[in-house]
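> Only the shape, not the letters, is given here:
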């Protein structure tokens, strides 16, 4: 029984999979945090794009303006 416990302690075959899982989790948390922070400006950008496309489709001009 003692030898089995020691062999389990020395076995590192699943360690890399756990590490990759933790890295993927941290990256996803960082991405979610960044998108949450930028959500207001992203909403404004996509609203402007939608308005410009709607104006172009209706033929009322609108046109892109440079800020």
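Perfect, I can see it now. For clarity, every value in this text was computed on a predicted model and none was experimentally measured.

> Please report how far residue 23 lies from residue 37.
To residue 37, residue 23 is 21 Å away according to C-beta to C-beta, to the nearest Å. (Each C-beta comes from the backbone N, C-alpha and C, glycine too.)

> To clarify, my last question referred to residue 1.
To residue 37, residue 1 is 53 Å away according to C-beta to C-beta.

> who has more neighbours, those two?
Under the neighbour definition other C-beta atoms under 10 Å, residue 1 and residue 37 were set side by side, and residue 37 has more, 10 against 5.

> Please list all residues in contact with the more buried one.
With contact set as C-beta atoms under 8 Å, 6 or more residues apart in numbering, residue 37 has no partners.

> any idea how far residue 9 is from it?
42 Å.

> Any stretches of the protein with poor pLDDT?
8, 11-14, 60-67 (pLDDT under 70).

> For it, which segments count as strands?
Taking DSSP state E, the chain contains no strands at all.

> Tell me which residue lies nearest the centroid of it.
residue 31 (3.8 Å; C-alpha atoms, centre = their mean).

> Okay, it and residue 1: tell me how far apart.
Taking C-beta to C-beta as the measure, residue 31 falls 45 Å from residue 1.

> Residue 27 now?
Residue 27 is 40 Å from residue 1, where distance means C-beta to C-beta.

> residue ranges of the helices in the protein, please?
2-10, 15-37, 39-58 (DSSP state H).

> tell me the angle the last one makes with helix 15-37.
Angle of helix 39-58 versus helix 15-37, following axes from the mean of the first three to the mean of the last three C-alpha atoms, to 10 degrees, is 70 degrees.
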